[in-house]
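S.K.: Structure for the following, please:
(chains A, B, C and D)
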There are 4 protein chains.
Amino acid sequence: MQIGVIGASRCNAEIEQLASAVGREIGSRGAVLICGGLGGVMEFAAKGAKEAGGFTIGILPGTSKEEANGYIDIPIVTGLGHARNVIIAHSSDSIIAISGEHGTLSEIAIGLKLKKTVIGLNTWDIEGVIRAKTAGEAVEKAITVSKGRDI
Amino acid sequence: MQIGVIGASRCNAEIEQLASAVGREIGSRGAVLICGGLGGVMEFAAKGAKEAGGFTIGILPGTSKEEANGYIDIPIVTGLGHARNVIIAHSSDSIIAISGEHGTLSEIAIGLKLKKTVIGLNTWDIEGVIRAKTAGEAVEKAITVSKGRDI
Amino acid sequence: MQIGVIGASRCNAEIEQLASAVGREIGSRGAVLICGGLGGVMEFAAKGAKEAGGFTIGILPGTSKEEANGYIDIPIVTGLGHARNVIIAHSSDSIIAISGEHGTLSEIAIGLKLKKTVIGLNTWDIEGVIRAKTAGEAVEKAITVSKGRDI
Amino acid sequence: MQIGVIGASRCNAEIEQLASAVGREIGSRGAVLICGGLGGVMEFAAKGAKEAGGFTIGILPGTSKEEANGYIDIPIVTGLGHARNVIIAHSSDSIIAISGEHGTLSEIAIGLKLKKTVIGLNTWDIEGVIRAKTAGEAVEKAITVSKGRDI
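M.R.: Just a heads-up that it's a prediction; the model follows:
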């Protein structure tokens, strides 16, 4: 099971904690975390996943694996810039969006366009996004959907 | 000057007319129209541009130029699926969004992420989008911005 | 009819003249020239096409239209790096390869993989490439193939 | 350490055995195997890696993880068609090319263009490719290069 986590590369301490909690839940549930591999939400989610013994994939926009944050097990180096967001959406069984700005919005929209379930934590209020209030609720929903069950 | 027009591949008659009017304005002002090359808003905008003597580019998602609508002068065949939306955003000096669903939302968000001016006609109400009420107003704003002037 | 011209971004004076001659033939025959939009073979081919009254498209690897050479009518800004080569191959009815190094070889191979006719002028000797001895012969063959006829 | 293995999606029994041996060597040496995730050389290399306790990534061209062969631990679903080859090259510390046709040639050329070390087993004779005679020799060279040492 591969769960995508999307969010901004810069965020405040509160969002960092939320991302970290989401990552820990994903890691402790044995799902693979897929993210954009950079800083902010991506880094703290990956950090959380690794703390819980999980496994992390970073789909990087640039041309060097060196841009991956320190918690990425497998860097996928695309050289595609923002077009790499589509790969995150395609590769995730379900997607958790945390806070974020226009980049995150584009990922939410691509996810919905690709008929993926997108679960939102403190993020854009877009028709089609399923809201969650806690990291635990978000990951529970993501895993349930990824198993092919209704939420 | 290259102006992007984004919107859904299926739309009602009212939106078809709006797209057509936007295309005619772009064509009559001598700007190149860039779009996704398929049906709906893309087709009617391209049709309008051609009626006004304009020039049209279609950035296609599939692997054949045959999928272009009948009003595309230059089909750019990407084979990239939804990732082709990023090319539309990058290649446009400014972008006009007409109505649309999640695919259009992703294009709006990518445009804003890339610091392009996005002008909205009857579309998603997203922070950063500049609203216009008529096709003429939208194209006037798009051209003004593309010349590097404030609106 | 859209004819792709591929080759290195740096080349000697002899290859510049060859690229320019190919571009002039394409332009004078009324075909659209598609290239990577940068320097070397791409620039001289586009220059030749413009001198003959032709029309040119540059599929750029970076994120700014400013990187296009001065003879590109329509810059398509991809932000995809080397992955943009696939778009050149997909968008061309036939492809002329001029000299070149590993980048050109990758474009030749992608073209052949996509079942495009690739005509070679002083380039890699790869099975499947149709050799030509002059710019005129190369463009004649490219146009014949693009019309769906055998060569 | 991430080693790419490239080759055709259809191959004969001899090449299947060679791919399988390369995969086993990569797996037994603890390196991650990256491939295109489909059949033929990709499948047998992944099978070999899994038999040796290794870990495998498949960079898929289509839009569904279902197209991955049965030996892929992590499917990366790109939806990019042939443009996904660039991701394989970027994501690999070094690349082993086994036999193959024009698709493999394009991957070899992209790898060389990106300054990656490409080791060839019974494949295209292209300037810049380092030849190896056995699976063991190829993987030994790939790992040595990936550690930043000369071969």
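S.K.: by contact count, what packs against the lengthiest helix in chain A?
M.R.: Assignment by DSSP state H gives helix A:13-28 as the longest helix of chain A. Contacting helix A:13-28 under the criterion 3 or more C-beta pairs under 8 Å, 6 or more residues apart in numbering or on different chains; DSSP states H and E are the following elements: strand A:2-7, strand A:32-35, helix A:41-51, strand A:94-98, helix A:135-146. (C-beta placed from N, C-alpha, C; glycine too.)
S.K.: On the three-state scheme, residue A:30 is what?
M.R.: At residue A:30 the chain is in coil, as set by DSSP: H, G, I helix; E, B strand; the rest coil.
S.K.: How much space separates the residue nearest to residue A:45 when sequence neighbours are not counted from residue C:125?
M.R.: Using C-beta to C-beta, 6 or more residues apart in numbering or on different chains and skipping the chain neighbours, the partner closest in space to residue A:45 is residue A:23 (3.8 Å). When distance is defined by C-beta to C-beta, to the nearest Å, residue A:23 is 52 Å away from residue C:125.
S.K.: okay, those two: which has more neighbours?
M.R.: residue A:23 (32 against 7; other C-beta atoms under 10 Å in any protein chain shown).
S.K.: contacting residues around that one?
M.R.: Neighbouring residues of residue A:23 by C-beta atoms under 8 Å, 6 or more residues apart in numbering or on different chains: A:5, A:33, A:44-52, A:54.
S.K.: Over to residue A:1?
M.R.: By C-beta under 8 Å, 6+ apart, the contact set of residue A:1 is A:30-32, A:93, A:143, A:146-147.
S.K.: Kindly reformat those as a markdown table containing pLDDT, distance to chain C and neighbour count.
M.R.: Formatted as a markdown table, these follow (pLDDT from 0 to 100; distance: C-beta to the nearest C-beta, whole Å; neighbours: other C-beta atoms under 10 Å in any protein chain shown):
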| residue | pLDDT | distance to chain C | neighbour count |
| --- | --- | --- | --- |
| A:30 | 96 | 33 | 12 |
| A:31 | 97 | 29 | 21 |
| A:32 | 98 | 25 | 22 |
| A:93 | 97 | 25 | 20 |
| A:143 | 96 | 33 | 20 |
| A:146 | 89 | 29 | 17 |
| A:147 | 90 | 34 | 10 |
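S.K.: Same list, those, but as a markdown table with distance to chain D please.
M.R.: Below are those laid out as a markdown table (distance: C-beta to the nearest C-beta, whole Å):
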| residue | distance to chain D |
| --- | --- |
| A:30 | 13 |
| A:31 | 12 |
| A:32 | 7 |
| A:93 | 8 |
| A:143 | 16 |
| A:146 | 11 |
| A:147 | 15 |
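S.K.: For those residues, name the two members farthest from one another.
M.R.: Of all pairs drawn from these, the one with the longest distance (C-beta to C-beta) is A:32 and A:147, at 14.2 Å.
S.K.: So residue A:35 sits against residue A:54, correct?
M.R.: No. Shown here, residue A:35 and residue A:54 do not form a contact pair, counting by C-beta atoms under 8 Å, at 11.7 Å.
S.K.: Look at the two and report which has more neighbours.
M.R.: residue A:35 (30 against 24).
S.K.: Give me the nearest residue to the more buried one, chain neighbours excluded.
M.R.: Closest to residue A:35 by C-beta to C-beta, 6+ apart is residue A:42, at 4.3 Å.
S.K.: List, one by one, the residues from chain A near chain B.
M.R.: Applying C-beta under 8 Å from any C-beta of the partner chain, one finds that chain A approaches chain B through A:80-83, A:86-87, A:101-103, A:105-106, A:108-110, A:112-114, A:126, A:128.
S.K.: Residues of chain A that sit close to chain C?
M.R.: Going by C-beta under 8 Å from any C-beta, the residues of chain A near chain C are A:63, A:79-83.
S.K.: quick one: which of the residues you listed sit in strands?
M.R.: Counting by DSSP state E, the residues of chain A next to chain C place none of their members in strands.
S.K.: Most neighbours out of those, which is it?
M.R.: If you count neighbours using other C-beta under 10 Å, the busiest of the residues of chain A next to chain C is residue A:80, which has 32 neighbours.
S.K.: Quick check: the gap between the closest residue to that residue other than its chain neighbours and residue B:50.
M.R.: Of all residues not flanking residue A:80 in the chain, residue C:80 sits nearest, at 5.3 Å (C-beta to C-beta, 6+ apart). Residue C:80 sits 28 Å away from residue B:50, taking C-beta to C-beta as the criterion.
S.K.: got any ranges where chain A has weak pLDDT?
M.R.: By pLDDT under 70, chain A has no low-scoring segment.
S.K.: Pull up the residues of it that are close to chain D.
M.R.: Counting by C-beta under 8 Å from any C-beta, the residues of chain A near chain D are A:2, A:32, A:57, A:59, A:63, A:65, A:74-80, A:86-87, A:90-91, A:114.
S.K.: Quick one: buried ones out of the residues you listed?
M.R.: Among the residues of chain A next to chain D, the ones that count as buried by 16 or more other C-beta atoms under 10 Å in any protein chain shown are A:2, A:32, A:57, A:59, A:63, A:65, A:74-80, A:86-87, A:90-91, A:114.
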